[in-house]
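[1] sequence unknown, structure follows:
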């Protein structure tokens, strides 16, 4: 294609290349053709280029990339023509014009679908079909044309838009080839409270799909690649009922996956699950079959473990046909083995397309859902229900168990007051306000954390604000930006954006003197704090009078420091507690003796602990003298 004959030849042929490529991309574009010719199109650039050169009569250029570049022929061809294709076919990838090379005006070819279709129809000799979209659909002609040809164009030209997989349909790939071309678009997720899961990119400008339950109410998360590169992502939309969430990464040119057709998947057909199980940052691949089809779910025997949630299920053409969400078996349900579930891919695509369209237009309605959660205070407990409302139980001396109406994303129970972040990002507090601990400042917040007589919140811009009791500098947070925050009795700790810890407030037991290193979650308690390092190991510091900092070894997914005890969740969801046991009275009531079950979250209070199971049911243990361990139905 002239790359060997100099840049001038390439520039001269671009104007001829464009309509020829268009002819290929839209061949068979007539509205009533029975079967698209796209099924016979070659998927690689060099084959398309050879057809174009033949069509143009440049027979000497046929095979030029193969002869000159050998094994690098495809890469060189795509590099030469990426800008041209991005400029014309952006609509098929939900992108604006992307070309940084010659503009469509310079190349003298249109970027709208109906004009392209008319060129193709005329080229094919179907003169009666020229203008057929305009005559049939009027003002809706362009939308109808694009709707007809979107999948064909996405299948052929995805390489120009950073797609990780060339097509959602077409010939089957060997699994190792499918993984090779898909892995860059599959990501791991870490939330500020130690949660983890999987996700996948669906557009070149960085929209990412995962499960709602992976986020657990977080609004900003870390998204990482198989080769260790990480970025902060913002939560755009979330629906806990559908268990879907949409994130947005900064920048453009992200590798992404195309959706396939889950409706076209046959029972017994092979599929592949990609993800990052067990909170490890290592991509894993499992293969299985479609075992059953339910209303909004696909059932498979492909292995999925905790941490796979939010990752893609792919057909062997590389198209997304589902989102991993749940597993039965292995003890979760007695007698059930090998039953793993995916959210139906067609359903997911409809939801995600609507979210992306609204978000790009700046008209996304309030569709944030709060993941149910639980928070244990001194002698009361609060939870967020599936509908976003808050309910509390236990001691109500100062009104700490009487929440205001409305929908909340997160809640934090303190000594005698409670605070929560509403779905509009503002904070509401209720209960004791002697020191102003229940009088939050205005503004948008990501999270809030309550202490004994003070409260701190992580603002939307990453800075920290504290209010309430003023002694010991407990309400004087350091400057800078942070990703996570936790308030203890009279101290606080937070994680900076570089992963290091900063603590402030009372430090008589060393609870405000954190260790060095990088961390992904932190929790401050009575006179001690604990944090999970980026390698999933746990470290605690401060008072060990009750054994609260004697953390066990092994990997942890989350941790919660109570007054004189600590509880954590292993990466599989099992609870482990240590500290104020039977030998440490009067602060002992069984709060460090968790039941044998698995949890999605855990919270340690004064002398009790509560955990939330995967089905959102709550189990509490320890003191119940004020009813704090008896959740309502």
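    Sure thing, it's come through. Remember, predicted model here, so these are calculated numbers, not experimental data. Numbering: from 1, shown residues only.
[2] going by C-alpha atoms from here, please, whenever you check contacts or count neighbours.
    OK.
[3] quick one: residues in contact with stretch 205-215.
    The contact list for stretch 205-215 (CA atoms under 8 Å, 6 or more residues apart in numbering) reads 95, 191, 195-202, 221, 238-240, 242-254, 309-311, 323, 325, 352, 356, 371.
[4] next, report how far it is displaced from the centre of its chain.
    2 Å (CA atoms, centre = their mean, to the nearest Å).
[5] swap in stretch 119-128?
    45 Å.
[6] need the distance between the two termini of it.
    12 Å (CA to CA, to the nearest Å).
[7] what about it, average pLDDT?
    If you average the pLDDT over stretch 119-128, you get 71.
[8] can you check stretch 49-56 too?
    On average, the pLDDT along stretch 49-56 is 66.
[9] then stretch 612-619?
    88.
[10] again, but for stretch 281-293
    On average, stretch 281-293 scores 91.
[11] which residues touch it?
    Identification of contacts with stretch 281-293 by CA under 8 Å, 6+ apart yields 179, 183, 188, 226, 228, 265-277, 298-304.
[12] for PyMOL, what selects the buried ones among the residues you listed?
    If you want just the buried ones from the contacts of stretch 281-293 in PyMOL, going by 16 or more other CA atoms under 10 Å, the selection is:
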select buried, resi 179+183+188+226+265+270+271+272+273+274+275+276+277+298+299+300+301+302+303+304
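[13] and the contacts of stretch 281-293, which of them are in helices?
    Members of the contacts of stretch 281-293 lying in helices (criterion: DSSP state H): residue 179.
[14] how close does residue 500 get to residue 401?
    Applying CA to CA, the value for residue 500 to residue 401 is 35 Å.
[15] returning to what we had before: now the buried members of the contacts of stretch 205-215.
    191, 195-202, 221, 238-240, 243-249, 254, 309-311, 323, 325, 352, 356, 371.
[16] between residue 500 and residue 401, tell me which one has more neighbours.
    A count of neighbours by other CA atoms under 10 Å puts residue 401 above the other of residue 500 and residue 401, at 23 against 17.
[17] how about the nearest residue to the residue at minimal distance from the centre of the chain, chain neighbours excluded?
    Nearest to the mean C-alpha position of the chain, counting by CA atoms, centre = their mean, stands residue 210 at 4.0 Å. Nearest non-adjacent residue to residue 210, counting by CA to CA, 6 or more residues apart in numbering: residue 310, 4.0 Å away.
[18] and what of residue 629?
    In space, and not counting its chain neighbours, residue 629 is closest to residue 620: 4.9 Å by CA to CA, 6+ apart.
[19] that neighbour pairs with what?
    Counting by DSSP bridges, residue 620 forms beta bridges with residue 610.
[20] try residue 531
    Beta bridges link residue 531 to residue 522, residue 539, judged by DSSP bridges.
[21] ok, it - contacts?
    Contacts of residue 531 by CA under 8 Å, 6+ apart are 519, 520, 521, 522, 523, 538, 539, 540, 559.
[22] and the pLDDT at it?
    94.
[23] tell me which stretches of this structure form helices.
    Going by DSSP H, the chain shows helices at 7-25, 45-56, 64-69, 73-89, 104-107, 113-124, 132-137, 141-157, 175-182, 212-215, 345-360.
[24] could you list the domains of this structure?
    Domain assignment of the chain by automatic domain parsing yields the ranges 7-161, 175-360, 373-622.
[25] what about the second one, distance to the chain center?
    Centroid displacement of domain 175-360 relative to its chain, using CA atoms, centre = their mean, is 8 Å.
[26] strands of the stretch 201-350 of the chain, start to end?
    For the stretch 201-350 of the chain, the strands defined by DSSP state E, counting those that start in this stretch occupy 207-210, 220-224, 230-239, 244-248, 270-275, 284-293, 297-300, 312-314, 320-328, 339-344.
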